[in-house]
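> this one's sequence-less:
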Ligand SMILES: *[C@@H]1O[C@H](CO)[C@@H](O)[C@H](O)[C@H]1NC(C)=O
Ligand SMILES: *[C@@H]1O[C@H](CO)[C@@H](O)[C@H](O)[C@H]1NC(C)=O
């Protein structure tokens, strides 16, 4: 069987490359159950907020295609934020129009790769972070007219420019942060209700989403490039059953194809965690024996730090029985990630 051959191959590797990785007491355990199949790995998390260069209202060709196709790019999310034009609340229709053009360009770039486009009206309003109580918000003083004029303009522009296919309307970004919404939660909820009705009345086919608290990956970040090209786009095969550690500070994603591949990382934690792997017989391993696991470490040196490619920690041999074994994960920083292959 192929997997037996793989096993033998890895054992051979193990003989020549076995390393011993120092252990530390684990703070929690994540699990991988190879006997469970959750469907194919479709890279659904492969997308980003902002990042495409603007090109008037046209798609940008500035970024070589392979940067998108390597990561099996699925979705872009934008609304013309952080360009030198205020939004609707600042400069009315003129600033809004510049932001709409940027949105249109980003939409067209996203569609070049058949990506889904999460459109951010709050950016076109001008709530790109940095909102204060002095800023106009939808529904101020119980008056929703300005918001209705704004959304009607946006919907009309979307129809005129055919921003329809693949669009999800993300109604308002990060309303739980004062910088994006500096009003009461009730006013926010009323905004959601009213804006949802307006979009559904005029563009009923488009899904809406929210609320959202996304962190943006950085296009200049070496770690992001390394992460994209090495464990996410290559995480192919059937997704295995996984759970995060009970404190939700450590999680895993696992696929079983020609190899079993597991990516693992903590959420700003340098504590050690365990990955408990079960169901080995379901992918062709015997009930007990030795298994050679290659470990890759993804380093992090701040948003602009150079870290190079993943560090290959070699193959470690685990003796196991009862169809299960445990990998102890010891991060060097709170931002270190790992991949395991066997
Ligand atoms: C900008 O868009 C034009 C089409 O309007 C296209 O020919 C050109 O390649 C694009 N340039 C960049 C850098 O995206
Ligand atoms: C409500 O807002 C609209 C648009 O900003 C404004 O024209 C109108 O005067 C406001 N209504 C009241 C009662 O203040």
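Received the coordinates, thanks. Owing to the predicted nature of the structure, the values given are computational and were not obtained by experimental measurement. Ligands and ions are numbered 1, 2, ... in the order given.
> list the buried ones in the lengthiest helix in the chain?
Taking DSSP state H as the criterion, the chain has its longest helix at helix 88-112. Residues 88-89, 95-111 are the ones in helix 88-112 that count as buried (16 or more other CB atoms under 10 Å). Glycine gets a C-beta too; all of them are placed from N, C-alpha and C.
> would it count as contacting ligand 2?
No: Helix 88-112 lies out of reach of ligand 2 by CB under 6 Å from any ligand atom, never closer than 10.1 Å.
> the helix or strand just after that helix pairs with which strands, parallel or anti?
Remark: after helix 88-112, the chain's next helix or strand is strand 116-119, criterion DSSP states H and E. Strand 116-119 pairs in its sheet with strand 75-78 (parallel), strand 167-170 (parallel), by DSSP bridges.
> mind listing what the spatially closest residue to residue 257 that is not a sequence neighbour touches?
Closest residue in space to residue 257, ignoring its immediate chain neighbours: residue 237 at 2.5 Å, by CB to CB, 6 or more residues apart in numbering. Neighbour list for residue 237: 40-41, 255-258, 261 [criterion: CB atoms under 8 Å, 6 or more residues apart in numbering].
> and the gap between residue 237 and residue 46?
Distance, residue 237 to residue 46, using CB to CB, to the nearest Å: 16 Å.
> give the closest residue to residue 35 in space, chain neighbours not counted.
residue 279 (3.1 Å).
> hmm, I was thinking of residue 68
Closest to residue 68 by CB to CB, 6+ apart is residue 113, at 4.9 Å.
> go ahead and confirm the one you found touches residue 67.
No: taking contacts as CB atoms under 8 Å, residue 113 lies outside contact range of residue 67: 10.2 Å.
> higher neighbour count, those two?
Neighbour count, other CB atoms under 10 Å: between residue 113 and residue 67, residue 113 has more, with 16 against 13.
> who's residue 312 bridged to?
When assigned by DSSP bridges, residue 312 has beta-bridge partners residue 296.
> contacting residues for it?
294-296.
> pLDDT on the longest helix of the chain, on average?
Helix 88-112 carries an average pLDDT of 96.
> close to ligand 1, is that helix?
No: contact of helix 88-112 with ligand 1 (CB under 6 Å from any ligand atom) is absent, the minimum separation being 8.1 Å.
> helices or strands up against that helix?
If you count contacts as 3 or more CB pairs under 8 Å, 6 or more residues apart in numbering; DSSP states H and E, helix 88-112 packs onto strand 75-78, strand 116-119, helix 121-125, helix 145-160.
> and the gap between the residue minimising distance to the centre of the chain and ligand 1?
Closest to where the C-alpha atoms of the chain average out (CA atoms, centre = their mean) is residue 45, at 4.2 Å. For residue 45, the distance to ligand 1 equals 26 Å [CB to the nearest ligand atom, to the nearest Å].
> what is the neighbour count of residue 69?
As a burial measure, residue 69 scores 11 neighbours (other CB under 10 Å).
> just use 39 as the starting number from now, easier for me
Renumbered: residue one is now 39, and that last one reads residue 107.
> hang on, isn't it packed against residue 151?
Yes: the criterion here is CB under 8 Å, and residue 107 meets it with residue 151 at 7.2 Å.
> where are the low-confidence patches of the protein?
Filtered on pLDDT under 70, the chain yields the residue ranges 39-56, 248-268, 270-274.
> list, one by one, the residues from it near ligand 2.
181, 183-184.
> so which of those residues comes closest to residue 169?
residue 184 (15.1 Å; CB to CB).
> ok, now which ones touch residue 160?
Residue 160 neighbours (CB under 8 Å, 6+ apart): 117, 166, 209-211, 218.
> from residue 220, how far off is it?
12 Å.
> nearest to ligand 1 among the contacts of residue 160?
Taking CB to the nearest ligand atom as the measure, ligand 1 sits nearest to residue 117 out of the contacts of residue 160, at 19.4 Å.
> number of nearby residues for that closest one?
Neighbours around residue 117, by other CB under 10 Å: 26.
> and it, what does it touch?
Per CB under 8 Å, 6+ apart, neighbours of residue 117: 137, 141, 157-162.
> how about a cut-off of 6 Å?
Taking CB atoms under 6 Å, 6 or more residues apart in numbering, we find residue 117 in contact with 141, 158, 161-162.
> mind putting the residues you listed in TSV, distance to residue 307 included?
Formatted as TSV, the contacts of residue 117 follow (distance: CB to CB, whole Å):
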residue	distance to residue 307
141	36
158	30
161	32
162	37
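> list just the nearest of the residues you listed to ligand 2.
Closest to ligand 2, out of all of those and judged by CB to the nearest ligand atom, is residue 162, at 16.5 Å.
> quick one: contacts for the nearest residue to that closest one once chain neighbours are set aside?
Spatial nearest neighbour of residue 162, excluding adjacent residues (CB to CB, 6+ apart): residue 137 at 4.6 Å. Contact analysis of residue 137 by CB under 6 Å, 6+ apart lists 118, 125, 162.
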